[in-house]
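Enquirer: compute the structure for the input listed below.
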Amino acid sequence: DIMPHSYGYRARTRYLFSRPFRSRGPIHLSTYLSTFKLGEYVDIKGNGAVQKGMPFKFYHGRTGVIWNVTKRAVGVELNKQVRNRIIKKRILVRIDHVKKSACRKDFLDRVKKNDAIKEKAHKEGVEPPKTKRLPVLPKPGMIVKAEAQTPETLQPIPYEHLV
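Expert: Take a look at the predicted model:
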């Protein structure tokens, strides 16, 4: 009396597409009023409340670039690794299942900050500082002097059988 194994299109997605706690119910209107433009980065997140235009489970949680915008859907281009190569995939997904990605937010904030620094230096007539990021360098070495106190040798306490 074992249940047969399923190989369907939505197999093993019981929790993947389920709505979060206290987030069930009708879709918010802001989902449909958001605008998407070509070249924008979006995150694909399947919404279980809307079955139409839902992406295949592989694409859930992936980030891609919009290459096409239609009335109710967007075309998203993303990379898929298949064995030893990476293939560019183009899929059409309804806007219920995409949200704007924050993957470039840190980069764009850094660009704005650096431009402001360069603009300020230009107004003051000084050489603009270097805005490139650098890896954290190793800490400088130092010598520890132990003249004030004698070094203490640490060793394990001998085991005693207490019965």
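
Enquirer: show me where the chain has its helices.
Expert: 29-33, 105-124 (DSSP state H).

Enquirer: would TSV of those helices with mean neighbour count and mean pLDDT be doable?
Expert: C-beta here means a position set from N, CA and C on the backbone, and glycine is covered the same way. Listed next are these as TSV, based on neighbours: other Cβ atoms under 10 Å; pLDDT from 0 to 100:
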stretch	mean neighbour count	mean pLDDT
helix 29-33	10	95
helix 105-124	11	96
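
Enquirer: who wins for proximity to residue 97 among those?
Expert: Taking Cβ to Cβ, helix 29-33 is the member of the helices of the chain nearest to residue 97, at 9.7 Å.

Enquirer: just the strands in this structure please.
Expert: 41-44, 63-69, 73-82, 85-94, 98-100 (DSSP state E).

Enquirer: what's the closest of the helices of the chain to residue 159?
Expert: Taking the helices of the chain one by one with Cβ to Cβ, helix 105-124 is closest: 53.8 Å.

Enquirer: from the middle of its chain, how far away would that closest one be?
Expert: Mean-position distance between helix 105-124 and its chain equals 24 Å (Cα atoms, centre = their mean, to the nearest Å).

Enquirer: do the same with stretch 25-43
Expert: In terms of Cα atoms, centre = their mean, the gap separating the centre of stretch 25-43 from the centre of its chain is 18 Å.

Enquirer: now it: buried residues?
Expert: Across stretch 25-43, burial judged by 16 or more other Cβ atoms under 10 Å covers 36, 40, 42-43.

Enquirer: re the thing from before, residue 132 is nearest to which of the strands of the chain?
Expert: strand 41-44 (23.6 Å).

Enquirer: ok, now how distant is the spatially most central residue of the chain from residue 97?
Expert: By Cα atoms, centre = their mean, the chain has its centre lying nearest to residue 103, at 6.0 Å. As defined by Cβ to Cβ, to the nearest Å, residue 103 lies at a distance of 17 Å from residue 97.

Enquirer: same check on residue 142?
Expert: Residue 142 sits 56 Å away from residue 97, going by Cβ to Cβ.

Enquirer: more crowded one of those two?
Expert: residue 97 (25 against 6; other Cβ atoms under 10 Å).
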